[in-house]
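Student: Fold the following, please.
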Amino acid sequence: MSSHDAAPPAAPSRSPCCLCWCCCCGCSWNEERRRAWRASREDKRQPLPSCEACATPSPEDVRSWAQSFDKLMHSPAGRSVFREFLRTEYSEENMLFWLACEELKAEADQHVVDEKARLIYEDYVSILSPKEVSLDSRVREGINRKMQEPSAHTFDDAQLQIYTLMHRDSYPRFLGSPTYRALLLRGGSQSSHEA
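Tutor: I've put the predicted structure just below:
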């Protein structure tokens, strides 16, 4: 038995009805844990708190987001505002996928990595997912190969591709959006009141 066929402790073994790991045929090897994971993930899809609830970004932070996409993505408040913007464009799944990949990369327990990798695949890579992200065939094939023995870096190429897509496509529209302009104006009015 290879390491990718081994089930985590106290989990039922995977049904041997097929060889795919995309779980498109309903042969889930761990349905109970998947239900628990989905329930916890549902909480993440609740309406996002406003930027003020997260931590009000300083006017300097808001202005820095226009300097570089990296600065926006490294700011928790920036990611929150950008995610809200992506939701209005019906592309929130790009941020959700990117965040899921970041969470996966921080995981050290191999059993948890296996489970999270399969769930990320089901939620964002599988062609059957309503939240499928746009990946080219080369990256998809690479993920399919890596899913035989998932690691914390299984989705690195896909994450970079989605990051680049958000940077080139959504980010310029975000900078011109009423949402971002309002944050800039609010920061400008705060600065003039403080002077």
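Student: in the chain, which ranges drop under the pLDDT threshold?
Tutor: Across the chain, the ranges flagged by pLDDT under 70 are 1-55, 188-195.
Student: in this protein, which spans are helices?
Tutor: Ranges of helices within the chain are 31-44, 51-54, 59-67, 69-74, 76-88, 92-105, 110-120, 137-146, 156-165, 171-175, 178-194, based on DSSP state H.
Student: can you put the ones you listed in CSV and add distance to P130?
Tutor: Every residue, glycine included, has its C-beta placed from N, CA and C. What follows is the helices of the chain, written out as CSV (distance: least, Cβ to Cβ, whole Å):
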stretch, distance to P130
helix 31-44, 13
helix 51-54, 27
helix 59-67, 29
helix 69-74, 25
helix 76-88, 15
helix 92-105, 9
helix 110-120, 15
helix 137-146, 17
helix 156-165, 17
helix 171-175, 23
helix 178-194, 25
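Student: Switch those helices over to TSV; also include distance to K131 and mean neighbour count.
Tutor: Listed next are these as TSV, based on distance: least, Cβ to Cβ, whole Å; neighbours: other Cβ atoms under 10 Å:
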stretch	distance to K131	mean neighbour count
helix 31-44	11	12
helix 51-54	23	14
helix 59-67	25	16
helix 69-74	19	17
helix 76-88	12	19
helix 92-105	4	19
helix 110-120	11	19
helix 137-146	15	14
helix 156-165	12	18
helix 171-175	20	16
helix 178-194	22	13
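Student: The closest residue to A152 other than its chain neighbours: what's it in contact with?
Tutor: Nearest residue to A152, sequence neighbours excluded (Cβ to Cβ, 6 or more residues apart in numbering): K105, at 4.9 Å. K105 makes contacts with 152-153, 156, as judged by Cβ atoms under 8 Å, 6 or more residues apart in numbering.
Student: how about the CA coordinates for stretch 120-136, as CSV?
Tutor: What follows is stretch 120-136, C-alpha atoms only, in CSV (Å, rounded to 0.1, in the frame of the first residue of the first chain):
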residue,chain,number,x,y,z
ILE,A,120,-9.1,22.5,-2.5
TYR,A,121,-9.2,20.3,-5.6
GLU,A,122,-12.9,19.6,-5.3
ASP,A,123,-13.8,23.2,-4.5
TYR,A,124,-11.6,25.1,-7.0
VAL,A,125,-9.9,22.8,-9.6
SER,A,126,-12.5,20.2,-10.4
ILE,A,127,-14.5,21.0,-13.5
LEU,A,128,-17.6,20.0,-11.6
SER,A,129,-17.2,22.7,-9.0
PRO,A,130,-19.4,25.8,-9.2
LYS,A,131,-16.4,27.7,-7.8
GLU,A,132,-13.9,26.4,-10.4
VAL,A,133,-11.0,28.8,-11.0
SER,A,134,-9.6,29.4,-14.4
LEU,A,135,-6.4,27.4,-14.9
ASP,A,136,-4.6,26.4,-18.1
